[in-house]
Structures are given as structure tokens and as C-alpha cells.
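J.: Okay, here's the prediction I keep looking at, along with the sequence it came from:
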Amino acid sequence: TLQNKNAALHPLWQSSSSVTGGTKQSPIDIQARSSVFDPKLKPLSICYDPTTCLQIWNNGYSFVVEFDDTTENSVVTGGPLNNNFRLKQFHFHWGAINDWGSEHTVDSKVFPAELHLVHWNSDLYKCFEEAIMEENGLAVIGVFLKLGTHHPELQSVIDLFPSIKYKDAVAAFTYFDPSTLMPSCPDYWTYDGSLTTPPLTESVTWIIKKKPIEVTQNQLAAFRSLFFTSIGEEEKKMVDNFRPLQPLMDRTVRSSFR
Ligand SMILES: NS(=O)(=O)c1ccc2o/c(=N\O)[nH]c2c1
Ligand SMILES: [Zn+2]
């Protein structure tokens, strides 16, 4: 389809559409009817300390809000996870228009954007950079965005965009609770997959929330006011920063709900 063509051709992923020989690549289409309810899945346990928020910056792929991961103050465990995972950052993926933008899809339904909360396994690894290269290294919580009511807490992130319009721009951001970006419904799907941007390593336990959060058209439009390019370069709007769908191969998606 149109959006997959756009994304597939995007410079970000001009390399092979998946790690050579990769069998656990992300994102995927989640077919709700094929997912298997797993009664052994625990509720997710999420504890975020808003004072661990450090900065927001434009990394040339997305805008990223980074956290102090030198302590166990902002962590996720439970759910499908058997270790403690520290929050490192969150970022989003979105489209040029509201008809596409998410990385994962649900029964082929595309959302206009998708939030990724990125955590690394602090029981097994010493730092994020090590964990992204290793088995069971990361836990990424995915949250879909849909058009609806104004999201006040997301607005406090959007208000900083003028200071990070161009690649490598950084702004201080020292108090934010990312749990305000999560839907209240506890239901999720989970599967083993990969990073969706280079190095595309198969180190991720994906936890995809069933319910989306709501944002307004103007809030989504603000995402599209950012640029992939550095200041002084020919401006390229930061849009369609999502990877095309990857084959499920020999994987089962589990659900935490019937
Ligand atoms: N988009 S994603 O799969 O959540 C993700 C998260 C953390 C990442 O770090 C990366 N390189 O250092 N790529 C990447 C993708
Ligand atoms: Zn992502």
C-alpha cells in the first residue's frame, strides 16, 4: 500500500527490509483472533519517577524524551517479563497524514501514530547500549494514538518542539511522568521481536497495549512540524518514520485478556 511504499523507500530503512536472515523482526500485524490468551501472564508493574526525566531531543529519526537510568527509580516488570527493566527513553512514530503512521497494526488497522516506551534489562546487562545487542535485552511498551480529545500531558512535550525542530537539537525537560501517556486499560498483547530502526537487533520483548490514547488533529500536526534534517540543511519534514510490517514467521502473539 501507499504508506508501506513510502516507508520502505525511506532512507532510514534503505538497507534490507529486515536483518539478513532475521526471523523475529518488528513491527508486525497483530491478528487479534490468532493471539493466544495466556492466563499465566501477570499484570504489568510500572513505576515511573517523574524527576528521572532529563531531556528531549531530535535524533534525526524521531523526538526522544530521555531518562536517568542510573537508578532503579523508573522501571517496568511483571507482565511477560522475568527481570527488572529500566526506562531509558520514549519516542513516537507517525505519518504524513492521519491515514497511517503506526508501526504495529491490529487486524490490519493502521493508527496515525505509535508511542514506544523503551526499557533495558538491568538484571542481566550493565547499560542500554549493551542490552540492545543481547537476547532479552529490552522491553518496549507500544501505545497506539488515535484522533480524539486533547491530551494535556502530551501537550507539555509538544510545547518543547520549537526548541528541537532540527536534528541533534536538545532541550532540558526535567519533570515528566510517562505513565500519563498510558491508557488506563491493563490489556496488552506480547511477542518477541526486534528494534524497528537500526541496528534492528532481535532483543525486544514487545508489549502492545490494546487500547489507544486520544490526541487531537492539531497535536498530531505538531509532530509533523519537526525535521529529519539538521539546521542549515535542505529541510525534510519528519514524517513517515515507521518501518514496514515484517513477517510473523514462527511466532505466536499472546494476549493478557480473553
Ligand atoms: N523503535 S524501537 O524499536 O522502539 C527502538 C528503540 C530503541 C532503539 O535504539 C536504537 N538504536 O540505538 N534503535 C532503537 C529502536
Ligand atoms: Zn520506536
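T.: Now that the structure is in, tell me what you want to look at. Ligands and ions are numbered 1, 2, ... in the order given.
J.: With adjacent residues omitted, what lies nearest to His93?
T.: Nearest residue to His93 in three dimensions, chain neighbours excluded: Phe242, at 4.3 Å (C-beta to C-beta, 6 or more residues apart in numbering). The way it works is simple: take the backbone N, C-alpha and C, and place the C-beta from them, glycine included.
J.: how about that neighbour, what does it touch?
T.: Phe242 makes contacts with Gln3, Ala7, Pro27, His93, Trp94, Gly95, Trp100, Gly101, Ser102, Glu103, Glu114, Thr196, as judged by C-beta atoms under 8 Å, 6 or more residues apart in numbering.
J.: Return only those of the residues you listed found close to ligand 1.
T.: Contacts with ligand 1 are made by Thr196 out of those, judged by C-beta under 6 Å from any ligand atom.
J.: Adding pLDDT, write the contacts of Phe242 out as TSV.
T.: Formatted as TSV, the contacts of Phe242 follow (pLDDT from 0 to 100):
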residue	pLDDT
Gln3	52
Ala7	50
Pro27	98
His93	98
Trp94	98
Gly95	98
Trp100	98
Gly101	98
Ser102	98
Glu103	98
Glu114	99
Thr196	98
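J.: Looking at the contacts of Phe242, spot the one nearest ligand 1.
T.: Taking C-beta to the nearest ligand atom as the measure, ligand 1 sits nearest to Thr196 out of the contacts of Phe242, at 4.0 Å.
J.: element containing the closest one, please.
T.: Using DSSP states H and E, Thr196 falls within no helix or strand.
J.: Ramachandran angles for the residue nearest to it when sequence neighbours are not counted?
T.: With C-beta to C-beta, 6+ apart as the criterion, Thr196 has its nearest non-adjacent residue at 4.3 Å, and that residue is Arg243. Backbone torsions of Arg243, given as degrees, to the nearest 10, read phi -90, psi 150.
J.: what's the neighbour count on Arg243?
T.: 23 (other C-beta atoms under 10 Å).
J.: quick one: it from ligand 1, how far?
T.: Spatial separation of Arg243 from ligand 1 under the definition C-beta to the nearest ligand atom, to the nearest Å is 8 Å.
J.: ok, now Val253?
T.: In this structure, Val253 and ligand 1 are separated by 16 Å, where distance is defined by C-beta to the nearest ligand atom.
J.: Got the confidence number for that residue?
T.: As predicted, Val253 sits at a pLDDT of 99.
J.: Over to the one 5 residues further on?
T.: According to the per-residue confidence, Arg258 scores 96 in pLDDT.
J.: all numbers from here: first residue = 136
T.: Sure, I'll start numbering at 136, so the last one becomes Arg393.
J.: Just grab the bridge partners of the closest residue to it other than its chain neighbours for me.
T.: In space, and not counting its chain neighbours, Arg393 is closest to Phe172: 5.1 Å by C-beta to C-beta, 6+ apart. In this structure, Phe172 bridges to Ser390 when assessed by DSSP bridges.
J.: Phe172 is in contact with Thr325, isn't it?
T.: No: contact status for Phe172 versus Thr325: not in contact, 11.5 Å apart, counting by C-beta atoms under 8 Å.
J.: Determine the residues that are contacts of both of these two.
T.: The overlap between the contact sets of Phe172 and Thr325 (C-beta under 8 Å, 6+ apart) consists of Arg389, Ser390, Ser391.
J.: Contact residues of the protein facing ligand 1?
T.: Neighbours of ligand 1 within the chain, by C-beta under 6 Å from any ligand atom: His251, Val253, Ile267, Val275, Leu330, Thr331, Thr332.
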